[in-house]
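Undergrad: Okay, sequence plus prediction incoming.
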Amino acid sequence: MRKLVTGMAVVIGLAATGCSTGGASEPVSQGPAAPTPSAAASVPQPELRPGATAENDPLAALGAGLYAPLRRAGTDPVQVAGYRATTMPTPDSLSVQTFAPKDGTWAPVPFERLAWAHDKQDWVASDNTQDAAAGPQGSRGWPTVETSSDYGTSVTTYSFTDLAGRPLAEGFDAGWSEGAALPQSATAATYSPGARAYFESITQVDPFHAIDRIRVSGGYRLQTMNACGEDDDVVTIECSTPATSFDDARTRYGVYPNSTSTASLRFSRKGDPFFVGTDAPVAEKLDVSVSSGDGPARLTFSTPDPAIADKFSRLFGTDIENFALYEYQGQVVAGVTQPAGTTTTNTGLFNRIAINDVLTRWSPALPQVNS
């Protein structure tokens, strides 16, 4: 999956103005801490991606900083609008901060995650700070990091690939651009020695649910499914009125466009889900499930065809099993979900050398990250 934790909501609409002052936290390197008892004794660890190496000191890697470039909404070719920095401001806490360009440098952009708090049985806005410590040993013997917050506990295994000398585009999965093209610089420019792309394989101890939001002009915009009324042309219809409920979406031709408008998830006249891409408008049928037992009511989607599942992840930037629609404040909105006891892998994270290569060698170019 792509947008679940540090990589979620990877779109900025417009660079924010009037940002607060301050910069990224200073890196903190530390040795292993005692694992907490909340996680399982052995965490399932999937096979590494081809060419990847397990990170033997993930707390030090987080202390030095892991970074995710953020896309500017609606750009094709993709423009980079900012970055998200995951750091350890103290030896026992993990912080995620968002930055946007301002006056030739970077300014922090207030960004709150909207996630489901199980103890409150409600959505809460979080500042993206979590408690962090060395986690239990994984099933393959690699070290882990355990984090906990209002929205639950998870255990993460980190791995990386060396990017030195490779084109910038090779640091990204195809789903990062959600169907939009990359600029020519992404294939012409290469990474510097020491550049790494990181993967985080996250095992949820508690179920995780979050709603995607786009940062636009100092505020937030939810990514809504719209209800388009009655129309026979269910492949090409467009509309902008948010559906008010799941029933509204399924009976009035619900349409959810991805952030680049290169694909959309839709409901047919009979309420059956499918998605289409603008490059090849073939309706790919999906299965839909309604659930609410371990969190908020939600619609989730699936397909028995791996090729269709892969196409969905490339166009929507999220693996199909982790994509969800929620009812929130009278609207149907997009988000992510991950059941307890499951493991998924996020991509699109870089060390400082690699993110500086992306920012300064992309077109248009941007400054290096804050020190």
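TA: In hand now; what should we look at?

Undergrad: Helices of the stretch 251-371 of the chain, start to end?
TA: 306-316, 352-361 (DSSP state H, counting those that start in this stretch).

Undergrad: now these in TSV, with mean pLDDT and distance to Asp131?
TA: Where C-beta positions appear, they are placed from N, C-alpha and C, glycine not excepted. Shown next, in TSV, are these (pLDDT from 0 to 100; distance: least, CB to CB, whole Å):
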stretch	mean pLDDT	distance to Asp131
helix 306-316	93	31
helix 352-361	98	24
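
Undergrad: Of those, which is nearest Gly135?
TA: Ranking the helices of the stretch 251-371 of the chain by proximity to Gly135 (CB to CB) places helix 352-361 first, at 23.8 Å.

Undergrad: Extract the C-alpha set from the closest one and format it as PDB.
TA: The C-alpha coordinates for helix 352-361 follow below in PDB (Å, rounded to 0.1, in the frame of the first residue of the first chain):
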ATOM      1  CA  ARG A 352      18.000  13.000   3.100                       C
ATOM      2  CA  ILE A 353      20.400  12.500   0.200                       C
ATOM      3  CA  ALA A 354      17.700  11.000  -2.000                       C
ATOM      4  CA  ILE A 355      15.000  13.600  -1.200                       C
ATOM      5  CA  ASN A 356      17.400  16.400  -1.900                       C
ATOM      6  CA  ASP A 357      18.100  14.800  -5.300                       C
ATOM      7  CA  VAL A 358      14.400  14.600  -6.000                       C
ATOM      8  CA  LEU A 359      13.700  18.200  -4.900                       C
ATOM      9  CA  THR A 360      16.600  19.900  -6.700                       C
ATOM     10  CA  ARG A 361      16.700  17.800  -9.900                       C
END
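
Undergrad: Name the residues of it that are buried.
TA: Arg352, Ala354, Ile355, Asn356, Asp357, Val358, Leu359, Arg361 (16 or more other CB atoms under 10 Å).

Undergrad: Stretch 262-278 now?
TA: Buried, per 16+ other CB under 10 Å, within stretch 262-278: Thr262, Ala263, Ser264, Leu265, Arg266, Phe267, Pro273, Phe274, Phe275, Val276, Gly277.

Undergrad: Ala283: which of these is nearest?
TA: Phe274 (4.5 Å).

Undergrad: Is it correct that that closest one is in contact with Ser268?
TA: Yes. Counting by CB atoms under 8 Å, Phe274 touches Ser268, with 6.5 Å between them.

Undergrad: quick one, strands of the stretch 151-300 of the chain?
TA: 152-162, 196-204, 208-211, 213-216, 219-222, 226-227, 254-257, 263-267, 273-277, 284-285, 287-291, 298-302 (DSSP state E, counting those that start in this stretch).

Undergrad: Of those strands, which shows the lowest average pLDDT?
TA: Among the strands of the stretch 151-300 of the chain, strand 213-216 carries the lowest mean pLDDT, at a mean of 76.

Undergrad: Can you give me the end-to-end span of stretch 189-207?
TA: 40 Å (CA to CA, to the nearest Å).

Undergrad: now Ala100: how far from Ser177?
TA: 19 Å (CB to CB, to the nearest Å).

Undergrad: got a list of what the closest residue to Thr337 other than its chain neighbours touches?
TA: Spatial nearest neighbour of Thr337, excluding adjacent residues (CB to CB, 6 or more residues apart in numbering): Ala324 at 4.1 Å. By CB atoms under 8 Å, 6 or more residues apart in numbering, the contact list for Ala324 reads His209, Arg298, Leu299, Thr300, Ala334, Gly335, Val336, Thr337.
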